[in-house]
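>>> Sequence plus the predicted model coming up.
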Amino acid sequence: MTTPLTLHDTAHAKINLFLHVTGRRPDGYHLLDSLAVFAGAGDRLSAERHDNTCQLSITGPFAPGLSASADNLVLKAAHALRQKAGITQGVHLTLEKNLPVASGIGGGSADAASALRLLATLWEVDPALLPSIAPTLGADVPVCLEQAPTRMLGIGEILKTAPPLPQGGILLANPGIGVSTPDIFRRFSHAGGPQPRTAPALPTHWENMQHLASVLAYTTNDLQPPAVSLAPIINETLKAIATLPNCLLSRMSGSGATCFGLFPTAEDAHTAARALQEHHNWWIWGGAFASTEK
């Protein structure tokens with residue numbers, strides 16, 4: 001069967017439902033323990049056959065400020081796959097940037113993973129090659145390849161399958177400010193750094209969203225306090241989400257500044273997003289998880 005000339009894919013937002021900093025390697029990289037899941041919100045990527053060069057165009061609400069130069073992760077993914085698989089074909093990639101940039105939801109990593117998936121199909125490359133390329137592009141790219149609930153360990157390179165999510169909803173809100181991940185880790189270290197604790201135990205399955213939220217209540221995002229100290233509006237965002245009807249849990253994702261709320265149903269999350277938009281000029285999205293989206 002002939003591969004279509006143009007392919008499309010969604011790079012879903014990656015959410016850290018909890019994020020524990022468990023240590024630090026001699027090379028300075030922090031060790032993490034996190035439960036990563038994916039929301040229905042995402043960037044859109046299309047790949048169209050081209051001559052023998054790789055090109056990138058960027059559109060969408062968060063395109064301004066992004067560069068389509070060779071250092072963009074999407075193009076880096078394309079060049080890495082070409083080299084690994086010995087491909088001579090080219091591609092014109094179009095990235096519709098719908099997710100806030102550098103906001104703790106893995107947008108750039110998800111885009112790179114999306115590019116790998118699309119190009120493996122377009123260029124008819126064995127997808128078994130992709131897991132060896134993904135880590136060279138960034139610590140979050142491997143988990144974004146599958147876009148499924150995953151327990152992340154080490155610096156993000158150790159991935160373990162997590163229980164499938166129950167039917168439910170998630171709300172995302174970004175107050176439109178940028179925070180520096182290195183600054184947040186510095187503040188985390190100055191506050192005492194990693195503390196000894198027992199690793200969270202996850203069940204084999206979730207009964208419902210209430211069950212998920214009750215287990216997460218015994219976890220944290222260790223980067224949330226230092227992020228709030230740098231950008232107090234994150235705390236305002238968390239409080240605004242927590243007061244929405246039917247919200248089960250409010251927390252920051254990754255190193256911020258995007259925050260999330262968990263809800264019993266996708267409709268609850270969608271309704272909550274509309275209510276939040278009435279009072280705040282933030283980037284807000286509410287709906288289903290990627291794994292349950294129809």
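Now that the structure is in, tell me what you want to look at. Residues are numbered from 1 along each chain as shown.
>>> any residues touching the worst-scoring helix or strand of the chain on mean pLDDT, and which ones?
The least trusted helix or strand in the chain, going by mean pLDDT, DSSP states H and E, turns out to be helix 181-190, with a mean of 94. With contact meaning CB atoms under 8 Å, 6 or more residues apart in numbering, helix 181-190 is reached by 21, 30, 222-223, 225-227, 229-230, 255-256. (Glycine included, C-beta is placed from N, CA and C.)
>>> now swap in stretch 205-213 and tell me
Applying CB under 8 Å, 6+ apart, the contact partners of stretch 205-213 are 17, 163-169, 203, 248-249, 262-265.
>>> Okay, strands next: where are they in the chain?
Assigned by DSSP state E, the strands in the chain fall at 6-24, 30-50, 54-59, 90-96, 150-154, 158-161, 169-174, 249-252, 259-263, 283-288.
>>> how about these in JSON lines, adding distance to residue 118, mean pLDDT and mean neighbour count?
As requested, the strands of the chain are arranged in JSON lines below (distance: least, CB to CB, whole Å; pLDDT from 0 to 100; neighbours: other CB atoms under 10 Å):
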{"stretch": "strand 6-24", "distance to residue 118": "5", "mean pLDDT": "96", "mean neighbour count": "21"}
{"stretch": "strand 30-50", "distance to residue 118": "4", "mean pLDDT": "96", "mean neighbour count": "22"}
{"stretch": "strand 54-59", "distance to residue 118": "12", "mean pLDDT": "97", "mean neighbour count": "17"}
{"stretch": "strand 90-96", "distance to residue 118": "8", "mean pLDDT": "97", "mean neighbour count": "21"}
{"stretch": "strand 150-154", "distance to residue 118": "21", "mean pLDDT": "96", "mean neighbour count": "19"}
{"stretch": "strand 158-161", "distance to residue 118": "21", "mean pLDDT": "96", "mean neighbour count": "13"}
{"stretch": "strand 169-174", "distance to residue 118": "24", "mean pLDDT": "98", "mean neighbour count": "27"}
{"stretch": "strand 249-252", "distance to residue 118": "30", "mean pLDDT": "98", "mean neighbour count": "22"}
{"stretch": "strand 259-263", "distance to residue 118": "27", "mean pLDDT": "98", "mean neighbour count": "28"}
{"stretch": "strand 283-288", "distance to residue 118": "23", "mean pLDDT": "98", "mean neighbour count": "22"}
